[in-house]
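S.K.: Next input, structure requested:
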Amino acid sequence: MRRNSTVTAVIPTHNRPQLVERAVRSALAQEYDDLEVVVVVDGPDGATEKVLTDIKHCRLRIIVLPKQVGGARARNLGVQAAWGDWIALLDDDDEWFPEKTKLQMDKAESSKYLYPIVSSQLIAQTSRYQLVWPRTLPFKPLSEYLLARKSWSYGEGLLSSTTLLFPKDLYCQVPFQAGLKRHQDLDWMLRVSEHGGVGIEFVPKPLAVWHQAEQRKSISVTADWKTSFQWLQSVRKIITRRAYAGFITTHVASQAARQGAWREFPFLLKRMLMYGAPTAHDLALFVGMWFVPQGIRRLVRQEGR
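M.R.: Just a heads-up that it's a prediction; the model follows:
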């Protein structure tokens, strides 16, 4: 399939002017010349509009939506407006290293897949540490790579949206699902992996920075076990039983425990055993989410890094 070599970086944003400026400048600093940057401002946002218009770059396009539609819909509109046949996603609070697009396009253009999805490692950064994630290269089944763990710490399997580059025609066939409150990236990766001709290409080098500032509240970091459980149910038919059990352990149970939803312990355990295939590690981690204090779990994770 013939595609042009233009890459469009799509950045949805809302009310985070200083953060999106950093993201935009990192995209414009790419060593790959055939690139444009499309920022979709999700609803009227004067401060963000001012910051973006002050950048004044010929490769930057700004789309201001008349009303807020949510991150997934804003991202979809950005892809629809793209001039490039290749799309690279960038979250407004993250940034890219200058060589990212060039190295990923080299992978994409030499790929054996009709629809290559190119990812990479990244640096997960907080006020306390910097880590290189994922620690494990992608493997099949993808649902187990993304949803299940073999260790105690996070970052084992990861395909962050900030690292993804893929053909626009693939995204037009399988867009992000609008209306999801959580797990938009996981949902898209699982659904698109079912599409014929799709394959994962991976650059085993950090090409982006994922800023995980704990003090910055967002839907994606707020504990809400019911929303996560409902999403899991919606994808149960396209994931393995092992992945189902792993997600209940690492996401649903951990959120329910943080919310103090003790009555849900037997319900979630029963669901994990009924529809999942938990390992001994999954069961130990499930129990630990409820009965081991978060501070001790954090120390264990740090030892495992």
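
S.K.: Dig out what residue 10 forms beta bridges with.
M.R.: Beta-bridge partners recorded for residue 10 (DSSP bridges): residue 38, residue 89.

S.K.: So what's the residue count around it?
M.R.: Per other CB atoms under 10 Å, the neighbour tally for residue 10 reads 28. In short, each C-beta sits where N, CA and C put it, glycine included.

S.K.: And residue 165, by the same measure?
M.R.: Counted with other CB under 10 Å, residue 165 comes out at 25.

S.K.: swap in the one 5 residues further on?
M.R.: Taking other CB under 10 Å as the criterion, the count of residues near residue 170 is 19.

S.K.: ok, and the closest non-adjacent residue to it?
M.R.: residue 115 (4.3 Å; CB to CB, 6 or more residues apart in numbering).

S.K.: Check what contacts stretch 118-128 and list those residues.
M.R.: With CB atoms under 8 Å, 6 or more residues apart in numbering as the test, stretch 118-128 has contacts from 100, 103-105, 107-108, 111, 130-134, 138, 155, 158-160, 162-166, 200-214.

S.K.: just stretch 203-215 next, same as before
M.R.: 19, 90, 93-97, 99-100, 103-104, 107, 118-127, 132-133, 137, 160, 162-163, 221.

S.K.: how about a cut-off of 7 Å?
M.R.: 93-97, 99-100, 103-104, 107, 118, 120-126, 132, 137, 160, 162-163 (CB atoms under 7 Å, 6 or more residues apart in numbering).

S.K.: Can you flag which of those residues belong to helices?
M.R.: 100, 103, 104, 107 (DSSP state H).

S.K.: quick revisit: just the buried residues of the contacts of stretch 118-128.
M.R.: Among the contacts of stretch 118-128, those classed as buried by 16 or more other CB atoms under 10 Å are 100, 103-105, 107-108, 131, 133-134, 138, 155, 158-160, 162-166, 200-203, 206-212.

S.K.: Just give the number of residues close to residue 230.
M.R.: 14.

S.K.: Just the C-alpha atoms of the host helix or strand of it, please, in CSV.
M.R.: Assessed by DSSP states H and E, residue 230 sits inside helix 225-234. Output in CSV follows, covering the C-alpha atoms of helix 225-234 (Å, rounded to 0.1, in the frame of the first residue of the first chain):
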residue,chain,number,x,y,z
TRP,A,225,-12.9,0.3,40.3
LYS,A,226,-16.5,0.1,38.9
THR,A,227,-15.5,1.9,35.7
SER,A,228,-12.5,-0.3,35.2
PHE,A,229,-14.5,-3.5,35.9
GLN,A,230,-17.2,-2.4,33.4
TRP,A,231,-14.6,-1.8,30.8
LEU,A,232,-13.0,-5.2,31.5
GLN,A,233,-16.4,-6.9,30.9
SER,A,234,-16.8,-5.1,27.6
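
S.K.: Which other helices and strands does that helix contact?
M.R.: The contact analysis (3 or more CB pairs under 7 Å, 6 or more residues apart in numbering; DSSP states H and E) places helix 225-234 against helix 254-258.

S.K.: for stretch 63-75, how far is the first residue from the last?
M.R.: Stretch 63-75 has an end-to-end distance of 11 Å (CA to CA, to the nearest Å).

S.K.: quick one: buried residues of it?
M.R.: 63, 65, 69, 70, 71, 72, 73, 74, 75.

S.K.: Show me what it is in contact with.
M.R.: 10, 12, 14, 38, 40-43, 49, 77-78, 81, 176-180, 184.

S.K.: What subset of these is buried?
M.R.: For these, buried by 16+ other CB under 10 Å: 10, 12, 14, 38, 40-42, 77-78, 176-177, 180, 184.

S.K.: okay if I get those residues as JSON lines plus distance to residue 249 and secondary structure?
M.R.: Shown next, in JSON lines, are the buried ones among the contacts of stretch 63-75 (distance: CB to CB, whole Å; DSSP: H, G, I helix; E, B strand; the rest coil):
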{"residue": "10", "distance to residue 249": "33", "secondary structure": "strand"}
{"residue": "12", "distance to residue 249": "31", "secondary structure": "strand"}
{"residue": "14", "distance to residue 249": "32", "secondary structure": "coil"}
{"residue": "38", "distance to residue 249": "38", "secondary structure": "strand"}
{"residue": "40", "distance to residue 249": "35", "secondary structure": "strand"}
{"residue": "41", "distance to residue 249": "38", "secondary structure": "strand"}
{"residue": "42", "distance to residue 249": "33", "secondary structure": "coil"}
{"residue": "77", "distance to residue 249": "36", "secondary structure": "helix"}
{"residue": "78", "distance to residue 249": "34", "secondary structure": "helix"}
{"residue": "176", "distance to residue 249": "26", "secondary structure": "coil"}
{"residue": "177", "distance to residue 249": "24", "secondary structure": "coil"}
{"residue": "180", "distance to residue 249": "21", "secondary structure": "coil"}
{"residue": "184", "distance to residue 249": "21", "secondary structure": "helix"}
